[in-house]
Structures are given as structure tokens and as C-alpha cells.
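[1] I would like to see how this sequence folds:
(one chain, ligands or ions: 2)
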Amino acid sequence: MITILISNRKGGSAKSTTAVNLATQLSKESSVLLIDFDTQGHASFGVGSFPVEESGSHSIFEGSTLSESFRPTVMDNLTISPALEFFDVYEYSELQGVLKNRFKKEQLKEFFDFCIIDTAPTYDTLLKNSLEVAQCVVIPVIPHHLGVIGVGQMFRAIYQMSLSIGKKAPLIGILPVMYNPHIKEHKENLEKIKKAFGKDKIFSPIGVDINLTKQFETQIPVVISEKRTKGAENYKKFSDELREKLKR
Ligand SMILES: Nc1ncnc2c1ncn2[C@@H]1O[C@H](COP(=O)(O)OP(=O)(O)OP(=O)(O)O)[C@@H](O)[C@H]1O
Ligand SMILES: [Mg+2]
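    Ligands and ions are numbered 1, 2, ... in the order given. I've put the predicted structure just below:
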């Protein structure tokens, strides 16, 4: 099982949109688990489910198994572990290795080819627990000045946390989102990101597409919608590129 974390401390940078479409696209050919680790529960909505008041992903910190949170989604091959809506991370700020332990005890690698984790825009024990099991981190970024600064901060946070948990840093990829090639600032900032972090770390960008906003209302991810959209095309390309990267 390959575990991919979608993370950026910067809010509103298309983490949930990316998690939902990546998980759905991968589930066309593979068995996928999507863990919604953000109490907002947006990824849960995105795949036809909802955040819950008991037996959610965060319930593992209260002694539950992860499997008891599993629910069906819009895809047969895609399982969601929905967010626990009122989970208070500060009550559990010291807990380390909980998710890792659940993966092992419940032998999740026997059931899933991929695990995608959607995280909240925070630097906390949930991110630490996620990093402990991740082989890869995707950082979605809007190509604004603060977005570029945010990517640098994320890199440092990932290396810092990996060091503190005694784990090799995961493979990191940057996904430009809401990218408009006609906006000079976007083009310039994308160049800055390429220069600072290396071209090989950057995925093909996701353009602006209102269908990516609407999909949370219909609860049908664009990558499986009958309507042909730019958003679906972009997210399919990104998913293929990521699959290729993981093979290397
Ligand atoms: N490429 C896009 N084009 C247009 N709208 C988009 C695109 N990507 C995301 N959005 C919209 O932008 C908003 C923020 O996206 P999303 O919720 O995925 O970000 P997030 O990083 O998960 O946010 P948070 O930090 O709150 O968890 C949502 O309304 C989403 O529908
Ligand atoms: Mg989100």
C-alpha cells in the first residue's frame, strides 16, 4: 500500500479537492482508502459521504479501530474513513504513532493499494501521525507570493517532523492549482517554484474550473462526472504523473 498525504498549512489551497479527485481517479484501477483527517469533513462530502459525530477517522485517538469508521462512497473501490466533526486535537496533542499502529494492527496493506490522507491546514499531531505512514506528500499550491513562501515552509515542516519521528523524509511533489497562464504573477511564481525546488518536483498544473467547486454540491468528483471538464482532464493527468513518479 502506498500512502499519499495531501498537505499544506495554507488554507484553501485545494487540498480536499485534490484528495477527492486523486483518490477517485486511482480507484478506477486500484483499491483505495481515503482518510479525512480534517474535522471540516470536506473530503468526506466530496466522495458522497459526510463527516460524522462518532466512529470517524479521528476516533482512533480515542481507542477505536480505523476500520470501524469505514463507509462506502461513489466508487466501489473507494472507501472513506470520514472526519469526526467535533474532534479536539488539543486534547491529544502528545499522541504519536497511533495511525501507524492502526495500519499495522488492521493489516490495511492487505486490503488497499493506495491510502490518500486529506489534512487540515495545521501543524499538529494529526500531521505528525500522517507523516509517520506517508511515502509521499503532495503540496497543492496557488501560485501567489504567499503560496511560494508557504511551499518553503511546508518543506521545512516536513523535514523537521520527519527528523523528530526518526523517519526518512517522504517523496515530496508540488501541485500548482487554480493556475491561470494568462496571469503574469502566476507564471512568474510557477517559475520561482521550479527554480527553488527543482522542475522534477512539480506536477502539471490544475487550471481554474468552476466544476471543481460544484462537485462538492453534487458529491460527484469531476474525474467520474459524465461531463467533460478541464478540471477532470487536469486531475487525470496529475494522477497519471504521480503514479509514474511512484514507480521510479
Ligand atoms: N482548480 C480550481 N478551480 C476552481 N475552484 C477550485 C479549484 N480548486 C479548488 N477550488 C475551490 O476552492 C475552494 C478551496 O478548495 P479546497 O476546499 O479543496 O481547499 P483546502 O486546501 O482543502 O481548504 P482547507 O484549508 O480549508 O482544508 C473550494 O471551494 C474549492 O471548490
Ligand atoms: Mg480541505
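[2] what's near enough to touch residue 227?
    residue 211 (CB atoms under 8 Å, 6 or more residues apart in numbering). All C-beta spots, glycine's among them, are computed from the backbone N, C-alpha and C.
[3] how much space between it and residue 220?
    Residue 227 sits 10 Å away from residue 220, taking CB to CB, to the nearest Å as the criterion.
[4] same check on residue 133?
    Distance of residue 133 to residue 220, computed by CB to CB: 29 Å.
[5] helix, strand, or coil at the nearest residue to residue 42 once chain neighbours are set aside?
    Distance criterion CB to CB, 6 or more residues apart in numbering; nearest residue to residue 42, sequence neighbours excluded, is residue 16 at 4.0 Å. Here residue 16 is recorded as helix under DSSP: H, G, I helix; E, B strand; the rest coil.
[6] same check, this time on residue 173
    strand.
[7] so what sits opposite it in the bridge?
    On the basis of DSSP bridges, residue 173 is bridged to residue 138.
[8] buried residues of the longest helix seen in the chain, list them for me.
    Assignment by DSSP state H gives helix 145-164 as the longest helix of the chain. Residues of helix 145-164 classed as buried: 147, 148, 150, 151, 154, 155, 157, 158, 161, 162 (neighbour count, 16 or more other CB atoms under 10 Å).
[9] cool, and stretch 210-223?
    212, 215, 216, 219, 220, 221, 222, 223.
[10] I figured the last one hits residue 18, correct?
    No - Residue 223 lies out of contact with residue 18 (CB atoms under 8 Å); the separation is 11.2 Å.
[11] so what touches the strand or helix carrying residue 214?
    Using DSSP states H and E, the element containing residue 214 is helix 211-218. Residues outside helix 211-218 that contact it (CB under 8 Å, 6+ apart) are 14, 17, 20-21, 42, 45-46, 206, 221-222, 225, 227, 229-232.
[12] centroid-wise, who is the farthest residue in the protein?
    residue 184 (27.9 Å; CA atoms, centre = their mean).
[13] distance of it relative to ligand 2?
    Distance, residue 184 to ligand 2, using CB to the ion, to the nearest Å: 28 Å.
[14] can you redo the buried residues of stretch 210-223 as CSV with pLDDT and distance to residue 25?
    Formatted as CSV, the buried residues of stretch 210-223 follow (pLDDT from 0 to 100; distance: CB to CB, whole Å):
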residue, pLDDT, distance to residue 25
212, 98, 13
215, 97, 13
216, 97, 17
219, 97, 16
220, 97, 13
221, 98, 8
222, 98, 10
223, 98, 5
